[in-house]
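Participant: Sequence below, structure please.
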Amino acid sequence: MKLNDLSPAVGAKKEGKRLGRGIGSGSGKTCGRGHKGQRARAGGYHKVGFEGGQMPLQRRLPKFGFVSRDAKSTKSIGLSEILAANLIHVNKTTLRDANLINQSIKKVKIFFNKNIEHPIFISEVCFTKGVKLAVEKVGGKVGD
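Facilitator: Sure, this is the predicted structure:
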């Protein structure tokens with residue numbers, strides 16, 4: 001078999017209609033477009049989704065909101081949740097082990113919502129000023 005021997009299968013290629021070749025051809029004069037009207041004109045057709053002036057479907061349907069990728073991979077945890085889990089050393093690993101965050105969480109922020117009595121040590125995670133004050137007040141440490 002050679003490249004010059006290749007040809008499409010029988011019936012695979014269909015010849016196009018030859019338009020405007022006289023009355024006898026069956027598609028002469030108006031060339032299958034009918035008489036007058038928008039579709040008979042050159043370039044005369046409406047845009048995709050146009051519904052004749054009626055409010056189009058894509059504008060009738062409600063819009064959906066936006067969800068940031070960061071929002072899916074970020075979690076806020078209250079200090080009370082950490083106390084309930086009895087964690088002393090708080091980092092991403094210990095939070096995952098305590099089932100407070102899952103594997104998809106990349107960024108964790110701890111916020112203050114309860115005073116603490118015993119020292120805890122926070123690393124690898126973000127925290128608020130309130131958490132920093134509360135932890136350092138009882139002898140704990142925040143940051144690396």
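
Participant: can you map out the helices along the protein?
Facilitator: Using DSSP state H, the helices found in the chain span residues 57-60, 69-72, 79-84, 92-97, 129-137.

Participant: okay, and the helix or strand of this structure with the least pLDDT?
Facilitator: One helix or strand of the chain scores below all others by mean pLDDT, DSSP states H and E: helix 69-72, with a mean of 82.

Participant: Could you tell me which residues within that helix count as buried?
Facilitator: For helix 69-72, burial by neighbour count (16 or more other Cβ atoms under 10 Å) applies to no residue. (Glycine included, C-beta is placed from N, CA and C.)

Participant: For that helix, what is the distance to the chain centroid?
Facilitator: 11 Å (Cα atoms, centre = their mean, to the nearest Å).

Participant: Specify the stretch among the helices of the chain that is closest to residue 26.
Facilitator: Across the helices of the chain, residue 26 has its closest neighbour in helix 57-60 (37.7 Å, Cβ to Cβ).

Participant: which residues sit against that closest one?
Facilitator: Outside helix 57-60, the residues that touch it by Cβ atoms under 8 Å, 6 or more residues apart in numbering are 49, 51.

Participant: Next, count neighbours for the nearest residue to residue 23 once chain neighbours are set aside.
Facilitator: Excluding the flanking residues, the one nearest residue 23 by Cβ to Cβ, 6 or more residues apart in numbering is residue 29, at 6.7 Å. Residues lying near residue 29 (other Cβ atoms under 10 Å) number 12.
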